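K.L.:
The following block contains a protein sequence and its predicted model.
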Amino acid sequence: MVIRVEDLEDGQTITSEQFRALVDGEEVPVDKPAPSKPRNHPERDLQRNVQELARAYGWTDWHVLRSKGMRAGFPDLVLIRPPDLVWVELKSEKGRLSPAQKEMHEMLRACGQQVYLWYPGNEEEIMEVLR
């Protein structure tokens with residue numbers, strides 16, 4: 001018997017005993033896990049909102065999708081709309097800058113760069129900068 005991916009529901013796992021029963025052609029009830037509660041991603045939501053707003057105002061945004069090989073502390077977003085270039089760190093309400101992030105922000109500012117730290121609730125400042 002061949003088991004195709006579509007024979008199992010997304011995210012469903014089975015035990016080795018259940019798998020053997022399926023291979024042998026037996027009917028095996030698969031326990032469904034209790035639904036997990038939705039995860040809250042305020043930083044990701046803030047990033048999406050900032051990117052959408054920035055694009056609406058003509059900015060090009062850049063975000064590192066995989067940070068492997070990146071120096072610790074690199075800001076979440078780089079926004080470009082000539083002649084401006086803006087570096088943005090995004091945090092949840094309780095989020096704090098790491099020492100590496102503080103160091104990176106200081107270096108960027110020493111180079112004359114605009115660096116912002118935005119939290120949910122900073123909508124006025126975000127709008128002011130992106131307009």
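P.N.:
Arrived safely.
K.L.:
what's the weakest-modelled helix or strand in the chain?
P.N.:
Sorting the helices and strands of the chain by mean pLDDT, DSSP states H and E puts helix 16-23 at the bottom, at a mean of 74.
K.L.:
In terms of pLDDT, where does residue 78 sit?
P.N.:
Here the pLDDT value assigned to residue 78 is 97.
K.L.:
Give me the secondary structure label for it.
P.N.:
Classification of residue 78 using DSSP: H, G, I helix; E, B strand; the rest coil returns strand.
K.L.:
which parts of the least confident helix or strand of the chain are buried?
P.N.:
residue 22 (16 or more other Cβ atoms under 10 Å). Where you see a C-beta, it was placed from the backbone N, CA and C, and this is true even at glycine.
K.L.:
Give me the next element, helix or strand, following it.
P.N.:
Next in sequence after helix 16-23, counting helices and strands by DSSP states H and E, comes helix 42-56.
K.L.:
how far does the least confident helix or strand of the chain sit from the chain's center?
P.N.:
How far helix 16-23 lies from its chain's middle: 37 Å, per Cα atoms, centre = their mean, to the nearest Å.
K.L.:
now swap in stretch 97-111 and tell me
P.N.:
Worked out by Cα atoms, centre = their mean, stretch 97-111 lies 21 Å from the chain centre.
K.L.:
contact partners of that stretch?
P.N.:
71, 72, 73, 74, 75, 87, 89, 91, 115, 117 (Cβ atoms under 8 Å, 6 or more residues apart in numbering).
K.L.:
Could you rerun that using 7 Å?
P.N.:
72, 73, 74, 75, 87, 89, 115, 117 (Cβ atoms under 7 Å, 6 or more residues apart in numbering).
K.L.:
Check stretch 58-72 too.
P.N.:
With contact meaning Cβ under 7 Å, 6+ apart, stretch 58-72 is reached by 51, 54, 55, 74, 76, 77, 78, 79, 80, 81, 100, 130.
K.L.:
again, only this time at 10 Å
P.N.:
Applying Cβ atoms under 10 Å, 6 or more residues apart in numbering, the contact partners of stretch 58-72 are 47, 50-55, 74-82, 84-86, 88, 90, 98-101, 103-104, 129-130.
K.L.:
Before I go, just wanted to say thanks for your time.
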